[in-house]
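> what follows is a predicted protein model with its sequence.
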Amino acid sequence: MDILSIIGILLGFSAILVGNFLEGGQLAALINLPALVIVFGGTLGATLLHFSPKIILYSIKILWLIVHPRRNLLEQQINKVVKWSALARKEGLLGLEVALDNEKDPFAKKGLQLLVDGNEPEVIRDCLEVELNTIENTEIQAAKVYEAMGGYSPTIGIIGAIVGLIHVMQNLTDPELLGTGIATAFVATIYGVGFANLLFLPIANKLKFQAYALLQAKEMMLEGITAIAEGENPRNIELKLSGYIPSINK
């Protein structure tokens, strides 16, 4: 579990609440249902219009990565490729059929299938690069869903503020209704800016980081499978692929 993500979310919102309390404000002053409806409803509506249904659903599916990131992708993939290269060197490429049957990762499975079918290294690389580009597009687009929400949210918050001020102007002769309109105006702005910078944009950046990590692991897998097709020594493959692991992790 990525405890820093949880701490970051709690600390960000707590800072606002504590600061409000130190200024003498009350928690109830920051709770405004009309403002919440305007900001979240408007942001969600604009985001749904922006992206395709498949990307929206996938962005929801990978949201858990902010607290449960993929771990040790490179190390796991390197060990896997080295075992495949040793098996191929011992039993030939057809010996990889066992690994093919047990493999669950579609990208790796496709690479193994290309190996078993006896394709040339250039053909394997071309096929896997197409697959890699598709994965990259999907992962980055999913992260951009939250980036878009972070862009729309402050603007919708301003719209909420304007709506509140319109309500104020329409009720200048009724002091009891002025407070509600003014509260909606200011709280909508807080919601829009606050959720954009404390939630949506950080989530987008976190998911982009996870996307790049996944793509690096897939690229490493591509290089490993191509090296197997070229008949490289398992030890040389391991040394080559270990270069993908950052020195900070070694």
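That came through, no problem.
> return the distance of residue 217 relative to residue 49.
Spatial separation of residue 217 from residue 49 under the definition Cβ to Cβ, to the nearest Å is 33 Å. C-beta: built from backbone N, CA, C; applies to glycine.
> who's more crowded, those two?
Neighbours were counted for residue 217 and for residue 49 using other Cβ atoms under 10 Å; residue 217 has more, 22 against 9.
> other SSEs contacting the helix or strand harbouring residue 150?
Secondary structure from DSSP states H and E places residue 150 in helix 121-170. Helices and strands touching helix 121-170, as assessed by 3 or more Cβ pairs under 8 Å, 6 or more residues apart in numbering; DSSP states H and E, comprise helix 33-50, helix 53-61, helix 106-116, helix 175-195, helix 201-229.
> okay, angle between it and helix 106-116 too, please.
For helix 121-170 against helix 106-116, the angle by axes from the mean of the first three to the mean of the last three Cα atoms, to 10 degrees is 160 degrees.
> pLDDT (mean, whole number) over helix 121-170?
Across helix 121-170, pLDDT averages out at 91.
> how far does stretch 227-243 stretch from one end to the other?
Separation of the first and last residues of stretch 227-243 by Cα to Cα, to the nearest Å is 14 Å.
> okay, buried residues for it please.
227, 228, 229, 234, 237, 238, 240, 241 (16 or more other Cβ atoms under 10 Å).
> what does stretch 155-164 give?
Using 16+ other Cβ under 10 Å as the burial criterion, the residues of stretch 155-164 that qualify are 156, 157, 159, 160, 161, 163, 164.
> distance of the residue nearest to residue 136 when sequence neighbours are not counted from residue 140?
Distances taken as Cβ to Cβ, 6 or more residues apart in numbering put residue 215 closest to residue 136, at 5.4 Å, once the chain neighbours are dropped. Note on residue 215: its distance to residue 140, by Cβ to Cβ, is 9 Å.
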